[in-house]
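**Q** With the input below, show me the fold.
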Amino acid sequence: MKTNQSPANNPNKRLIGILLGAGLLLMVPLMLQLTIGTGVDGKGFNWKLDDFIVFGIMVFSGGLLSEFVLRKVRSKRNRFLLCGIILLIFLLVWIDLAVGIFNIPGFSGR
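**A** Down below sits the predicted model:
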């Protein structure tokens, strides 16, 4: 008998979806870099290689942490809460790296 193979029933498909989604998110700044320019003249999109590496690490780790929570936590309320915390931490770190809202020496984007 054939079983239902939805992403909720097959965690590996969900993991592949998360990794592909993270890869697609990395394509957005790459395409902006290639089409708009380097931002040398004050206009454009100025990301260096280390910016892509840091953003990639953040996106992949956020996706993998969310996948870990979805696999290990049984309560829907706790899943939602933990994934929300992961998203909040991701956004705060990303914003701080971009504009330095917390002004942490050696870490912030200023």
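**Q** any idea which helix is longest in the chain?
**A** As assigned by DSSP state H, the longest helix anywhere in the chain is helix 11-36.
**Q** Now do the buried residues in that helix.
**A** 14-15, 18, 22, 33 (16 or more other CB atoms under 10 Å). Using the backbone N, CA and C atoms, a C-beta is placed for each residue, glycine as well.
**Q** Which one among those sits at the bottom for pLDDT?
**A** Ranked by pLDDT, those bottom out at residue 33, which has 76.
**Q** any idea how far residue 90 is from that residue?
**A** Remark: distance between residue 33 and residue 90 (CB to CB, to the nearest Å) = 21 Å.
**Q** I'd like the distance between the residue most central in space within the chain and residue 107.
**A** Centroid check for the chain by CA atoms, centre = their mean gives residue 59 as the closest residue, at 2.3 Å. Distance of residue 59 to residue 107, given as CB to CB: 18 Å.
**Q** Three-state assignment for residue 84, please.
**A** Here residue 84 is recorded as helix under DSSP: H, G, I helix; E, B strand; the rest coil.
**Q** contacting residues around stretch 54-74?
**A** By CB atoms under 8 Å, 6 or more residues apart in numbering, the list of residues contacting stretch 54-74 from outside reads 11, 14-15, 18-19, 21-22, 25-26, 29, 79, 82-83, 86-87, 90, 93-94, 97.
**Q** Show the average pLDDT along it.
**A** 91.
**Q** and the residue nearest to the centre of the chain, what element?
**A** Element membership for residue 59 (DSSP states H and E) is helix 49-72.
**Q** Let me know the angle separating that helix from helix 11-36.
**A** 160 degrees (axes from the mean of the first three to the mean of the last three CA atoms, to 10 degrees).
**Q** Buried residues, helix 49-72. List them.
**A** So for helix 49-72, counting by 16+ other CB under 10 Å, buried means 55, 58-60, 62-63, 65-67, 69-70.
**Q** Of these, which is the nearest to residue 103?
**A** Residue 103 has its nearest neighbour among those in residue 58, at 19.6 Å by CB to CB.
**Q** any idea how far the closest one is from residue 66?
**A** Counting by CB to CB, the gap from residue 58 to residue 66 is 12 Å.
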